[in-house]
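Participant: From the sequence below, what's the structure:
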Amino acid sequence: MGRPRAATQPSATGGAASFLTGLVVGSHGRHCVVETPEGTRVICHPRGKKLGVVVGDRVRWQPSQDEGVIEAIDERRNLLYRQDELRTKSFAANLDQVLILVAAEPEFSEHQLARALIACEAEHIDPLIVLNKADLAAPFARAWQRLAPYRAMGYTVLPIAAKPRAAPAAAAVPAADAPPPCALEDLSARLHGHTTLILGPSGAGKSTLINRLVPGAAVLTGEISQALNSGKHTTTTTTWYWLDAAKNGALIDSPGFQEFGLRHIDPMQLAAYMPDLKPHVAGCRFYNCTHLHEPGCGVIAAVDSSAESAVGPHPISASRYNIYSYLFRELKAGPG
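Facilitator: This is a model prediction of the structure:
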């Protein structure tokens, strides 16, 4: 399977001059909601099965009775998507940044976080890691420590408490190097003027955060399932929310994900999408090094080594190298 395709040329059924323009602000299956420049929202369907429309697309469409037909998609700046053995799932297009929400509790999957970051790197989209439930002192301290390699890579990690507990004393700095929770106003300022996709596993508090950032957003709040250590999926559609009445920025909510396939990534390019590995690739003896077993590998030499012996600015944590090894073998094996 290759990259999702989007037809960008009008069909032969009408002239381009007769088409209306719009922004895709909602999608579920092959049903889309298109917002016109005047703010009217119309249910539309793409013409033909090959026209893969996603939220964030700028489209050309024409009315058809009470609904509309999307005839063409304007050229995209980027497209964030995942791909496994069975299918390709497109999240959204024309993004400025991706907010990856994880929580102190339930414990987040570092593999899942790494996959989302790699997908962002491959599309040159800025990621923003937000650690929720900073008011849970002990779980937050553990989660903050687990994110230390990501902060060292230069990723921004913001601690927040989207739904603070009644006892604010628990929100006192729970880890020696952790800042206090970021105010929602500060997070809003980072979103202002940008189109941001919010991703996160179920139970991370995504719906709660959206409701606080976008007052009035009709998003169900998921309750954590203790038995599964995972929350319930509460949304089945991808939805665009304007951050304010002046439309100075938008937040896109996508269904929760449990797996994040990267079958569209070339395994030999994987290290280039991992900022802690990338600087050490230049130290490899062989140009086609897989960084798994070759002698003279700059990446292997940097794993859990001292800064003096590493070929590059920082050593690589063992957990991050294990993620790379797992993903490389998964991608190399291919389908089946």
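
Participant: and the longest helix anywhere in the chain, average pLDDT?
Facilitator: Taking DSSP state H as the criterion, the chain has its longest helix at helix 318-333. What helix 318-333 shows for mean pLDDT is 95.

Participant: Check stretch 86-105 too.
Facilitator: 92.

Participant: And for stretch 159-172?
Facilitator: Averaging pLDDT along stretch 159-172 yields 68.

Participant: which helices and strands does the longest helix of the chain pack with?
Facilitator: Contact partners of helix 318-333 among helices and strands, from 3 or more CB pairs under 8 Å, 6 or more residues apart in numbering; DSSP states H and E: helix 110-122. C-betas here are computed from N, CA, C, even on glycine.

Participant: Flag every buried residue along the helix it packs on.
Facilitator: Buried positions in helix 110-122, judged by neighbour count with 16 or more other CB atoms under 10 Å: 110, 112-122.

Participant: Could you work out the most separated pair of those?
Facilitator: Taking CB to CB, the two most distant members of the buried residues of helix 110-122 are Glu110 and Ala122; they sit 18.6 Å apart.

Participant: quick one on the thing from earlier: convert the longest helix of the chain to PDB, retaining C-alpha atoms only.
Facilitator: Provided in PDB are the C-alpha atoms of helix 318-333 (Å, rounded to 0.1, in the frame of the first residue of the first chain):
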ATOM      1  CA  ALA A 318      18.000   1.800  25.900                       C
ATOM      2  CA  SER A 319      14.200   2.000  25.700                       C
ATOM      3  CA  ARG A 320      14.400   4.200  22.600                       C
ATOM      4  CA  TYR A 321      16.800   1.900  20.900                       C
ATOM      5  CA  ASN A 322      14.500  -1.100  21.700                       C
ATOM      6  CA  ILE A 323      11.700   0.800  20.100                       C
ATOM      7  CA  TYR A 324      13.800   1.400  17.000                       C
ATOM      8  CA  SER A 325      14.800  -2.300  16.800                       C
ATOM      9  CA  TYR A 326      11.200  -3.500  17.100                       C
ATOM     10  CA  LEU A 327       9.900  -1.100  14.500                       C
ATOM     11  CA  PHE A 328      12.700  -1.800  12.000                       C
ATOM     12  CA  ARG A 329      12.100  -5.500  12.200                       C
ATOM     13  CA  GLU A 330       8.300  -5.000  11.900                       C
ATOM     14  CA  LEU A 331       8.700  -2.800   8.800                       C
ATOM     15  CA  LYS A 332      11.300  -5.000   7.200                       C
ATOM     16  CA  ALA A 333       9.100  -8.100   7.600                       C
END
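
Participant: okay, and for the protein, where does confidence drop off?
Facilitator: Residue ranges of the chain with pLDDT under 70: 1-17, 166-177, 218-236, 256-258, 305-313, 335-336.

Participant: what's the domain layout of it?
Facilitator: Using automatic domain parsing, the domain parsing of the chain gives 16-73, 79-253, 267-333.

Participant: so how far is the helix or strand hosting Val69 from its chain's centroid?
Facilitator: Element membership of Val69 [criterion: DSSP states H and E] is strand 67-73. Centroid separation for strand 67-73 versus its chain: 27 Å, with CA atoms, centre = their mean, to the nearest Å.

Participant: List the buried residues for it?
Facilitator: Buried positions in strand 67-73, judged by neighbour count with 16+ other CB under 10 Å: 68-73.

Participant: hang on, the earlier thing: give me the residues contacting the longest helix of the chain.
Facilitator: 110-111, 114-115, 118, 149, 262-263, 265-267, 270-271, 274, 276-277, 290-292, 299, 303-304 (CB atoms under 8 Å, 6 or more residues apart in numbering).

Participant: how about a cut-off of 6 Å?
Facilitator: Helix 318-333 is contacted from outside by 111, 114, 149, 267, 270, 276, 303-304, using CB atoms under 6 Å, 6 or more residues apart in numbering.

Participant: Let's see if you can find the most crowded of those residues.
Facilitator: Tallying neighbours with other CB atoms under 10 Å puts Asp276 at the head of the contacts of helix 318-333, with 24 neighbours.

Participant: Does that residue touch Pro315 like I think?
Facilitator: No - if you go by CB atoms under 6 Å, Asp276 and Pro315 don't touch, sitting 8.6 Å apart.

Participant: what residues are up against Arg115?
Facilitator: Residues in contact with Arg115 (CB under 6 Å, 6+ apart) are 260, 262.

Participant: Tell me how far it lies from Asp74.
Facilitator: Arg115 sits 29 Å away from Asp74, going by CB to CB, to the nearest Å.

Participant: where along the stretch 1-150 of the chain do the helices fall?
Facilitator: For the stretch 1-150 of the chain, the helices defined by DSSP state H, counting those that start in this stretch occupy 110-122, 137-146, 148-152.

Participant: Run the chain-centre distance for the longest one.
Facilitator: Spelled out, it's helix 110-122. Distance, stretch centre to chain centre, for helix 110-122: 8 Å (CA atoms, centre = their mean).

Participant: Check stretch 32-47 too.
Facilitator: That offset, for stretch 32-47, works out to 25 Å (CA atoms, centre = their mean).

Participant: Please point out which parts of it sit buried.
Facilitator: 32-35, 42, 44-47.

Participant: circling back: walk me through which strands the strand holding Val69 pairs with, and which way each runs.
Facilitator: Here strand 67-73 is paired, per DSSP bridges, with strand 41-46 (parallel), strand 58-64 (antiparallel).
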